[in-house]
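Q: this is a predicted model, with the sequence first.
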Amino acid sequence: WALEFEEEAIMSGNTVEHVKDAAPIMGKYFDILCIRTFPSLKNKEDDYSELYIRQFIKYAGIPIVSLESATLHPLQSLTDIITMQEYMRGPAQAAGFAGRKPKVVLTWAPHVKPLPQCVANSFSQWVNAWGQADFVITHPEDYELAEQFTKGARIEYDQSAALKDADFVYVKNWSTFRDYGKIYTNDPEWMLTNEKLALTNQARVLHCLPVRRNVELSDEILDGANSLVTTQAGNRVWAAQAVLAAILRGE
Amino acid sequence: WALEFEEEAIMSGNTVEHVKDAAPIMGKYFDILCIRTFPSLKNKEDDYSELYIRQFIKYAGIPIVSLESATLHPLQSLTDIITMQEYMRGPAQAAGFAGRKPKVVLTWAPHVKPLPQCVANSFSQWVNAWGQADFVITHPEDYELAEQFTKGARIEYDQSAALKDADFVYVKNWSTFRDYGKIYTNDPEWMLTNEKLALTNQARVLHCLPVRRNVELSDEILDGANSLVTTQAGNRVWAAQAVLAAILRGE
Amino acid sequence: WALEFEEEAIMSGNTVEHVKDAAPIMGKYFDILCIRTFPSLKNKEDDYSELYIRQFIKYAGIPIVSLESATLHPLQSLTDIITMQEYMRGPAQAAGFAGRKPKVVLTWAPHVKPLPQCVANSFSQWVNAWGQADFVITHPEDYELAEQFTKGARIEYDQSAALKDADFVYVKNWSTFRDYGKIYTNDPEWMLTNEKLALTNQARVLHCLPVRRNVELSDEILDGANSLVTTQAGNRVWAAQAVLAAILRGE
């Protein structure tokens, strides 16, 4: 069911319904519409224009929630912040975090396919907006994310230096942003291991899942005591419910 | 999951379950079964026999609701009548419709693919059964629908003549019925525009959706004040609920 | 969405998520997880190891219900026993079954494709565990099922001899177990007909469905008064609800 998104299209091709017709009908059927869209990873301008979700916002007439769009993944990032806060407030941890900002490191990891930047973009945007972390992003050279999201974070090409004394390590692959959608390296040296974790302040490890085991993240990390990934995935439910509840309450 | 519909079939081929077994099981599971089937548009006798939905009616043992069958679409037509009635009873319109029948025009429109006749068949059948309209059907020559549905309507090959003083214009493509399932023309002159709408009595425009913009219907109509298509699509919910409620009440 | 089930896999291939990550997340989302898996019918050891469902049991952290696994189908068998018991307790039948065990015959039937042994395995296991039947399994030579399930039943290669005085006939195809996953015969003589039914004690006929009519079972049986297949299919709902309720009550 291919939707048409271009204004004034003469629809004699493969698209069967225009968002200008589909969105307002869904607006009649639902109170909130949650949408997931994906980037092409071929045309940066198109992807970063967020045409698909913007057209739904324009025409649906009801609140639109992003379940992940071409370049952002806000519900994931809300979950990520909640998961870190929840951990820091735990009875065994609260004292250690009292009176100081946690060091949060977002580290690039290898992957077999070119992936969107959306999780890394949103995580950067939200940690910066949160303002409660010493925030470092580490990745191979030429893997810089869009500055509009990372501004405020320290960029570090040396992963070991970045990991030093980290309290949280967020592991995620993304494809290149500047020379858009490419894989420049799959260097396995960038995969997080227990040896690297030893550089941190007993850091907790996050990942949005699904994860390619022993490519992005080692078994020893994922199966170890420092992994928060299952807790994090479970928190997706509460984060989404909080947003839906706030919208329904009219906040 | 290909169902078998033929009696006495020896099922050594591609069909994996007979409607004689599948339908009564669904009859055990549900109180009402809603079914959608499509025509082949290749064999008129087969399509108009409505074998698929008839076999479910025969074997399910519970009420069957058509969500669109090979040749009819009654829930759409109920919605269409409701939408016109609702409009006519509106505070700004009631006086203008008092004491007279509205002129309802069903007009054929171009399309890129051969489509079923079901929406046009049912609309004709229901407007005739309603009996509260001056009903005209306009289409290119040789696009006649089955008389069993259209009998009672005036057939007019000249679209402009048909549109004159219309109160409602229902726009819909269908493939040929007599020489079955063909496209004889895609003449863009048959697409409704504001210029043609000027011939009408400020007619409201209906379409069952999805619509091929600027092929079946122009942007200017769909985005204009005379379009009822979103309201009409929204009314599908209430029409279906009314039917389900009536069945559940045992009416 | 191909899951990885092997421990220590380096996931640079086609699998996108490991059961070690997927199962615990579902364990966070649900109270009970119901899973259906299928055998390859190519590697007996792999299929009978039940790797897929065992990995979910190991990692989900919540009760797992089999909706059919590679080699077993317990919810079907619970339904089958319930259906026979319900029939035996019927007002017209109770006297005839008083003080004696019913004769239950599981008969192999022809099919066009190699099918799993799971329904036959579980039915054998459950009827034996039930202990309230004179239980006979009949099939062509070399179609023996795994003894761990059939032990306690009498195996009979002569279908007519097996059917004699049967109270219930369970019809089901399965592919060979010893020389794994093969079709040795499709002999139509093994299809149950009214002529064969005359050998029984007016036996009721069961089948788990879907059934290939006039290949596995004749129309005359399925459409006749002795068929319980629709009742049996309907009982699947109550059997599943009973199991879910027992788990939720913590039994």
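A: Great, that's in hand.
Q: contact partners for the nearest residue to A:Trp130 once chain neighbours are set aside?
A: Excluding the flanking residues, the one nearest A:Trp130 by CB to CB, 6 or more residues apart in numbering or on different chains is A:Ile81, at 5.7 Å. Yep, even glycine has a C-beta here, placed from its N, CA and C like the rest. Going by CB atoms under 8 Å, 6 or more residues apart in numbering or on different chains, A:Ile81 touches A:Trp126, A:Val127, A:Trp130.
Q: quick one: A:Ile81 from A:Lys196, how far?
A: From A:Ile81 over to A:Lys196 the distance is 24 Å, taken as CB to CB, to the nearest Å.
Q: again with A:Ser175
A: 23 Å.
Q: likewise A:Lys164?
A: Taking CB to CB, one finds A:Lys164 at 10 Å from A:Lys196.
Q: same question, A:Arg178
A: 26 Å.
Q: kindly report the same for A:Ile137.
A: A:Ile137 sits 16 Å away from A:Lys196, taking CB to CB as the criterion.
Q: equivalent analysis for A:Gly250, please.
A: 47 Å.
Q: who's more crowded, these two?
A: Neighbour comparison, A:Gly250 and A:Lys196: the larger count goes to A:Lys196, with 20 against 6 (by other CB atoms under 10 Å in any protein chain shown).
Q: the more buried one contacts A:Ser160, doesn't it?
A: Yes. With contact defined as CB atoms under 8 Å, A:Lys196 counts as touching A:Ser160 (6.9 Å).
Q: give me the element the spatially most central residue of chain A is part of.
A: Centroid-nearest residue in chain A: A:Val119, 1.7 Å away (criterion: CA atoms, centre = their mean). Secondary structure from DSSP states H and E places A:Val119 in helix A:118-130.
Q: which strands and helices sit next to that helix?
A: If you count contacts as 3 or more CB pairs under 8 Å, 6 or more residues apart in numbering or on different chains; DSSP states H and E, helix A:118-130 packs onto helix A:74-88, strand A:103-108, strand A:134-138, helix A:147-150, strand A:168-172.
Q: adding mean pLDDT, write the ones you listed out as a markdown table.
A: A markdown table is the format used below for those (pLDDT from 0 to 100):
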| stretch | mean pLDDT |
| --- | --- |
| helix A:74-88 | 98 |
| strand A:103-108 | 98 |
| strand A:134-138 | 98 |
| helix A:147-150 | 98 |
| strand A:168-172 | 98 |
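Q: can you tell me which of those is most buried?
A: Most buried of those, by mean neighbour count (mean count of other CB atoms under 10 Å in any protein chain shown): strand A:168-172, with a mean of 26.
Q: tell me what the following helix or strand past that strand is packed against?
A: Downstream of strand A:168-172, the first helix or strand assigned by DSSP H and E is helix A:194-197. Helices and strands touching helix A:194-197, by 3+ CB pairs under 8 Å, 6+ apart, are helix A:159-163, helix A:219-222.
Q: quick check: mean pLDDT across the first one?
A: So that's helix A:159-163. For helix A:159-163, the mean pLDDT works out to 98.
Q: show me which residues of it are buried.
A: Under the neighbour-count criterion of 16 or more other CB atoms under 10 Å in any protein chain shown, helix A:159-163 has A:Gln159, A:Ala162, A:Leu163 buried.
Q: filter those down to the ones near chain C?
A: Counting by CB under 8 Å from any CB of the partner chain, the subset of the buried residues of helix A:159-163 that neighbours chain C is empty.
Q: can you list the residues you listed in TSV and add distance to chain B?
A: What follows is those, written out as TSV (distance: CB to the nearest CB, whole Å):
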residue	distance to chain B
A:Gln159	50
A:Ala162	51
A:Leu163	52
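Q: which of those sits closest to B:Glu17?
A: Among the buried residues of helix A:159-163, A:Gln159 lies closest to B:Glu17 (CB to CB), at 56.4 Å.
Q: once you drop chain neighbours, what's closest to that closest one?
A: Per CB to CB, 6+ apart, closest to A:Gln159 is A:Thr138, 4.9 Å.
Q: what's near enough to touch that neighbour?
A: By CB under 8 Å, 6+ apart, A:Thr138 lies in contact with A:Val105, A:Leu106, A:Thr107, A:Trp108, A:Ile155, A:Glu156, A:Tyr157, A:Asp158, A:Gln159, A:Ala161, A:Ala162, A:Leu163.
Q: quick one, domains of chain A?
A: Following automatic domain parsing, chain A resolves into domains at A:3-66, A:77-235.
Q: so which of those is the most surrounded?
A: domain A:77-235 (a mean of 18).
Q: confirm that A:Ala233 sits in a helix.
A: Yes. Counting by DSSP: H, G, I helix; E, B strand; the rest coil, A:Ala233 is part of a helix.
Q: distance of it from chain C?
A: 4 Å (CB to the nearest CB, to the nearest Å).
Q: before we move on, what about A:Arg54?
A: Taking CB to the nearest CB, one finds A:Arg54 at 28 Å from chain C.
Q: cool, A:Ile137 as well?
A: Using CB to the nearest CB, A:Ile137 is found at 24 Å from chain C.
Q: correct me, but that residue touches A:Asn121?
A: No. Between A:Ile137 and A:Asn121 there is no contact under CB under 8 Å: 10.9 Å.
Q: and chain A, which of its residues are near chain C?
A: Within chain A, the positions near chain C by CB under 8 Å from any CB are A:112, A:209-215, A:219, A:222-223, A:229-230, A:233-234, A:237.
Q: and chain A, which residues reach chain B?
A: A:4, A:8-13, A:16-18, A:20-22, A:24-25, A:28-29.
Q: try it again at 7 Å.
A: With CB under 7 Å from any CB of the partner chain as the criterion, chain A comes near chain B at residues A:8-12, A:16-18, A:21, A:24-25, A:28-29.
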